[in-house]
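Colleague: Give me a 3D structure for the following:
(chains A and B)
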Amino acid sequence: MSKVIEIIDLTLVLQGKTILKIPYFSLDREESIALTGPNGAGKSTFLFVMAALQKPTAGTVSLFGKNVKDHSLLELRRRMAVVFQKPMMFDLTVMENLELGLKYRQINHKEKENKIYHWLEKMRLAHLVKRRARSLSGGEAQRVALAQALILEPEIIFLDEPFANLDKEMRQELIDEIGKTLKAGKITTVMVTHHRMEAAAIADSIYNMEDGEIINREFCN
Amino acid sequence: MELIWDGIVKAIIALVTLDPGIIEVALLTFQVSGAATLLSVLIGIPLGSVLALSQFPGRNVLVSIANFGMGLPPVVVGLWVSIFLWRSGPLGFLNIIYTPYAMIIAQAVIASPIVISLTLAVIQQINPQIRLQLTALGANRTQMAWALVKESRLGLLAAVMAGFGGVISEVGASMMVGGNIKGMTRIFTTATVMEVSKGNFDVAIAFSILLMLLAYVVTAILTAIQQGRNNR
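Modeller: Numbering: from 1, shown residues only, chains lettered A, B, ... in the order given. Predicted coordinates for the structure are as follows:
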């Protein structure tokens, strides 16, 4: 299988402190991994570096076989999607929020509409379509954020604690649903989580991190 | 007190009878300040956005110039615009000195720094997470700038109101480049100054009331747009 992410000799230093130190890391197409570890282990920062949202101090980051330093980041970013821990909704309706990424990719109107309604249904958001996204509850906003990423049909998806704002029942329901969707869509997945149960449901393997380093890897059944 | 009362009565009579002379001045005041505000928005919002979203050598100097420009004395602007527009000046070939066009240019010079600086401040204070989200969604620079402008539309409308307030109230620049010519370049502020100099304080008070009324109506419309969007 081809490598979609490859990282060599990565170091990230911020304000004189070493945040990440990863000698080597790679991810094959369609592989799903979870990053776990205590607070401050560098999980989210590592995810940001992989998603080309944070420049490393040193080392090489390659996405889809292309070094991010020498390639158009916009082109690479449009093949990926990110769900942040705190969903940031734009001051627009739910529909318009879902439309944004598709608009940037110049998807035609009909196709755009079909995708939006498909994901609204799937995420149980259809009744909120005309609501201002800023007025949603934390859980609703998180579901919109998940739909906003999945609607783009990315080759890689980065999930930073995507189920953190959901209640227990919705969390379990969505973990199953998203897990199936990611597998069915053959989407390479990188997820940051504190919950091993979530990690095991979505990922093929779990990378444990501590002090900015990967300390071990466990395979899930 | 009688003087003020006479002025109020004159203003009401002018409004009720739709005095053609007053209507002409009101229309020109609105057209000149409206066009100048529009011009300053077309210049100020893109420039303010670029300054807010970019890092380049000399950026801080440009930001400080824009901030300084917010306090430009209108009479100084009037003098410099006049020098440029006089027949012997670098832009004399345009032949627009003592026309409403010259007044629009002068007022736009006054309003643009206000719009640039406030746009810069409004866009800079947007939550950085919003920019990160737009980057992750695959927005290019133009798409990002447009999304941020839309996101900060409440603040930008405040910038437009500040720009309009700055120009509708100025007198020095319009007097110098327009000349206060009856039927051509006379607006409320220049007419008020003229009537005061002639000792017609009641007429000057009437003009001042009508000017405030016009400024209030325009600002109230912009506020309604701003707050209407906010409450949606």
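
Colleague: Now do the same contact list for the residue nearest the centre of chain B.
Modeller: Among the residues of chain B, the one closest to the centroid is B:Phe164, at 3.3 Å (Cα atoms, centre = their mean). Each residue near B:Phe164 by Cβ atoms under 8 Å, 6 or more residues apart in numbering or on different chains is listed here: B:Ser33, B:Gly34, B:Thr37, B:Ala111, B:Ala215, B:Val218, B:Thr219, B:Leu222. Yep, even glycine has a C-beta here, placed from its N, CA and C like the rest.

Colleague: what stretches of chain A score poorly on pLDDT?
Modeller: A:1, A:221 (pLDDT under 70).

Colleague: mind listing the helices for it?
Modeller: A:43-50, A:73-77, A:94-104, A:109-122, A:138-150, A:168-184, A:196-202 (DSSP state H).

Colleague: export those to JSON lines and tack on distance to chain B and mean neighbour count?
Modeller: Shown next, in JSON lines, are the helices of chain A (distance: least, Cβ to the nearest Cβ, whole Å; neighbours: other Cβ atoms under 10 Å in any protein chain shown):
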{"stretch": "helix A:43-50", "distance to chain B": "9", "mean neighbour count": "23"}
{"stretch": "helix A:73-77", "distance to chain B": "5", "mean neighbour count": "17"}
{"stretch": "helix A:94-104", "distance to chain B": "4", "mean neighbour count": "22"}
{"stretch": "helix A:109-122", "distance to chain B": "14", "mean neighbour count": "15"}
{"stretch": "helix A:138-150", "distance to chain B": "7", "mean neighbour count": "23"}
{"stretch": "helix A:168-184", "distance to chain B": "17", "mean neighbour count": "15"}
{"stretch": "helix A:196-202", "distance to chain B": "19", "mean neighbour count": "19"}
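
Colleague: Distance to A:Lys3 added to those helices, as JSON lines?
Modeller: Listed next are these as JSON lines, based on distance: least, Cβ to Cβ, whole Å:
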{"stretch": "helix A:43-50", "distance to A:Lys3": "12"}
{"stretch": "helix A:73-77", "distance to A:Lys3": "14"}
{"stretch": "helix A:94-104", "distance to A:Lys3": "25"}
{"stretch": "helix A:109-122", "distance to A:Lys3": "29"}
{"stretch": "helix A:138-150", "distance to A:Lys3": "22"}
{"stretch": "helix A:168-184", "distance to A:Lys3": "19"}
{"stretch": "helix A:196-202", "distance to A:Lys3": "20"}
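
Colleague: give me every residue that touches the nearest residue to A:Phe48 once chain neighbours are set aside.
Modeller: Excluding its sequence neighbours, the residue lying closest to A:Phe48 (Cβ to Cβ, 6 or more residues apart in numbering or on different chains) is A:Gln54, at 4.0 Å. Listed by Cβ under 8 Å, 6+ apart, the contact set of A:Gln54 reads A:Leu12, A:Thr45, A:Phe48.

Colleague: Also B:Thr223?
Modeller: B:Thr223 sits in contact with B:Met161, where contact means Cβ under 8 Å, 6+ apart.

Colleague: and if you look at B:Leu137?
Modeller: A:Ala81, A:Leu100, A:Gly101, A:Tyr104, A:Gln148, A:Leu152.

Colleague: A:Asn67 too?
Modeller: A:Thr60, A:Val61.

Colleague: Is the nearest residue to B:Leu91 once chain neighbours are set aside within a helix or a strand, and which one?
Modeller: Among residues not flanking B:Leu91 along the chain, B:Phe84 sits closest, at 4.8 Å (Cβ to Cβ, 6+ apart). Using DSSP states H and E, B:Phe84 sits within helix B:74-85.
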